[in-house]
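**Student:** sequence first, predicted coordinates after that:
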Amino acid sequence: MWLTIVVVVLVTALFFLVQSPSFQTWLAQKASHYLEDELKTVVKIDAVELHFFKTAELKGVYMEDLHKDTLISGGRIFVELNSFNFSDQKINIKNVTLSNTTAKLSIPKNDSIMNFQFIVNYFDTGKKEKDTSSVPWDVKFNDLTLR
């Protein structure tokens, strides 16, 4: 009986902890430190607020390219979802709003590839054959608002 009570209390506490913007920000900062190590560049996120399956707000996003130049610097990135269906692997994004955000996409001097290619390469699995055993995610995107 005590074990059941402890498990229920821990699960409840975890549920409320994950809903907390300060905990979400802490997790995002841990993730950004991980990406810094993996990508060998600067990645910063000042604050995060998630309302699961509805909205996501990132404040103070900053990332450099491999030439130590700003790749993205965002005051506020806000994402609104219309729907999220994990079992059908479908995401419908209603709107992405970029406020006070700068993205510098370029081909650096003495280079032949875009300054963000290192990110694409990091997430590239290297698979060229189409895997017919899994269904890809269906992601639909409606609006982009720039402010």
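**Tutor:** Happy to help now that I have it. Residues are numbered from 1 along each chain as shown.

**Student:** run through the strands of the protein in chain order.
**Tutor:** For the chain, strands defined by DSSP state E occupy the ranges 43-44, 47-51, 55-64, 70-85, 90-103, 138-146.

**Student:** chain center to the first one, what's the gap?
**Tutor:** The chain centroid and the centroid of strand 43-44 are separated by 12 Å under C-alpha atoms, centre = their mean, to the nearest Å.

**Student:** for that strand, name the packing helices and strands.
**Tutor:** Packing partners of strand 43-44 (3 or more C-beta pairs under 8 Å, 6 or more residues apart in numbering; DSSP states H and E): helix 21-39, strand 55-64. The C-beta positions use only the backbone N, C-alpha and C, and glycine is treated the same way.

**Student:** and among these, the most buried is which?
**Tutor:** strand 55-64 (a mean of 18; mean count of other C-beta atoms under 10 Å).

**Student:** direction included, what does that strand pair up with?
**Tutor:** Partners of strand 55-64 in the sheet, by DSSP bridges, are strand 43-44 (antiparallel), strand 47-51 (antiparallel), strand 70-85 (antiparallel).

**Student:** hey, what's Thr101 bridged with?
**Tutor:** For Thr101, the beta-bridge partners are Gly74 (DSSP bridges).

**Student:** Ile72 versus that one, what's the distance?
**Tutor:** For Thr101, the distance to Ile72 (C-beta to C-beta, to the nearest Å) stands at 7 Å.
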